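Visitor: 3D, please:
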Amino acid sequence: AGAHCLWSASLPKRVSAIAFTPGSEYVFVGDRWGEVHCVSVAHPKPIKEEDKGGASEPLQEEGKKGGPAKAKRVETTRVLGHFASIVTSLSVSPCGRYLCSADRDGKVRVSVVPQNDKDDGAAKEAEGAGWLDRVGLHEVQAYCVGHQSWVSATLFLRPDLVVSASGEGECCVRAWNPLRSTEAPGTDNAVGGAVVVDKDSSVVALAHALPVNAAEDDAGLVLALTESRRVALIRCSAQGELTLVRLLALEGEEGMGDSYLPVSMAVGPGQVLWVAGCRKAPIETAETAETAETAETAE
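Guide: Numbering: from 1, shown residues only. A predicted model of the protein is given here:
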């Protein structure tokens, strides 16, 4: 059987970031309004017919006989906000207790994800709805501030170690310990300094790899993918110290040249690196638009 849509949710503004909890029970979604919403994957709350107002369009056309049923529209719950700054990245810690969110103003926020009481959770699951998407993430564990440019990507290596990357103008990777207290004067949660990857580009994605021969005090490799089609291999120690190992150049498909733009990556089984990209569309200016119009008139 092929894949089909189970449900669909709409946000006030365009989606800009997404992250699942470790067990995929919930999904967090950030938008360009600076808000982060949450939906239960297995038990979403459907929108009532009277709430639709008859204005919503069908989410999925009815399939042919024997095909999948039409997907339902579900509600989202706003769990936190970034004060009208675009949410650029979301990541959840491996233990599921912390959510890291970043924005265009260079801020990295680590929020505490409430843990459900088992008995209370069983009752609410019986009602056909999730639990986490009914509450907000009101407790802030830490703010990680230090980037001089917008934050483009975040990644948890451990609950006490998160890395973040910045955009053009700085294009560096920093490490933080969100569990370290920042109340004492003169202290912060930055560890390991910063590794500059490429000042003329932007980091678009981060990934984590743990080599087979990694030392016990080694947190593995942080891979930073840039718009300039490079992958930076950065060694991260157990204490969060970052060291640039090497830069790998990616080659696009034959004939694509500079039009190839990498957008995401992941490390698969056997430590195989997968990079996804797209073809850049030319930016239409007033001059190019006028030239195209003249050519069309001439034809």
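Visitor: low pLDDT regions in this structure?
Guide: For the chain, applying pLDDT under 70 flags the ranges 1, 49-70, 117-131, 133-134, 181-188, 192, 212-217, 252-259, 280-299.
Visitor: dump the residue contacts of the nearest residue to Trp33 once chain neighbours are set aside.
Guide: Of all residues not flanking Trp33 in the chain, Lys13 sits nearest, at 4.0 Å (C-beta to C-beta, 6 or more residues apart in numbering). (Each C-beta comes from the backbone N, C-alpha and C, glycine too.) Taking C-beta atoms under 8 Å, 6 or more residues apart in numbering, we find Lys13 in contact with 31-33, 35.
Visitor: please repeat the previous calculation with a cut-off of 7 Å.
Guide: Shown in contact with Lys13 (C-beta atoms under 7 Å, 6 or more residues apart in numbering): 31-33.
Visitor: repeat that for Val173.
Guide: Contacts for Val173 (C-beta under 7 Å, 6+ apart) come out as 163, 165, 194-195, 197, 203, 222, 224, 234, 242.
Visitor: then Val39?
Guide: When contacts are counted by C-beta under 7 Å, 6+ apart, Val39 touches 9, 26-27, 74, 76, 133.
Visitor: next one: the host helix or strand of it to chain centre, how far?
Guide: Using DSSP states H and E, Val39 falls within strand 35-40. Chain-centre distance of strand 35-40: 13 Å, with C-alpha atoms, centre = their mean, to the nearest Å.
Visitor: quick one: end-to-end length of stretch 31-42, please.
Guide: With C-alpha to C-alpha, to the nearest Å applied, stretch 31-42 spans 22 Å between its terminal residues.
Visitor: that one: which residues count as buried?
Guide: Residues 31-41 are the ones in stretch 31-42 that count as buried (16 or more other C-beta atoms under 10 Å).
Visitor: before we move on, what about stretch 261-281?
Guide: So stretch 261-281, judged by 16+ other C-beta under 10 Å, has buried residues 261-262, 265, 267, 273, 275, 277.
Visitor: still on that earlier bit, distance to Ala142 added to the buried residues of stretch 31-42, as CSV?
Guide: What follows is the buried residues of stretch 31-42, written out as CSV (distance: C-beta to C-beta, whole Å):
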residue, distance to Ala142
Asp31, 23
Arg32, 24
Trp33, 23
Gly34, 19
Glu35, 20
Val36, 16
His37, 22
Cys38, 20
Val39, 25
Ser40, 26
Val41, 27
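Visitor: and of these, the nearest to Asp105?
Guide: Gly34 (9.3 Å; C-beta to C-beta).
Visitor: ok, now which ones touch that closest one?
Guide: 81-87, 103.
Visitor: returning to that earlier point: closest one of the buried residues of stretch 31-42 to Arg158?
Guide: Val36 (22.1 Å).
Visitor: hmm, Thr77 and the closest one touching each other?
Guide: No: contact criterion C-beta atoms under 7 Å: Val36 and Thr77 do not qualify, at 9.9 Å.
Visitor: quick one on the thing from earlier: tell me the two of the contacts of Gly34 that are most distant?
Guide: Spatially, the most separated pair among the contacts of Gly34 is Gly81 and Ile86, at 11.7 Å (C-beta to C-beta).
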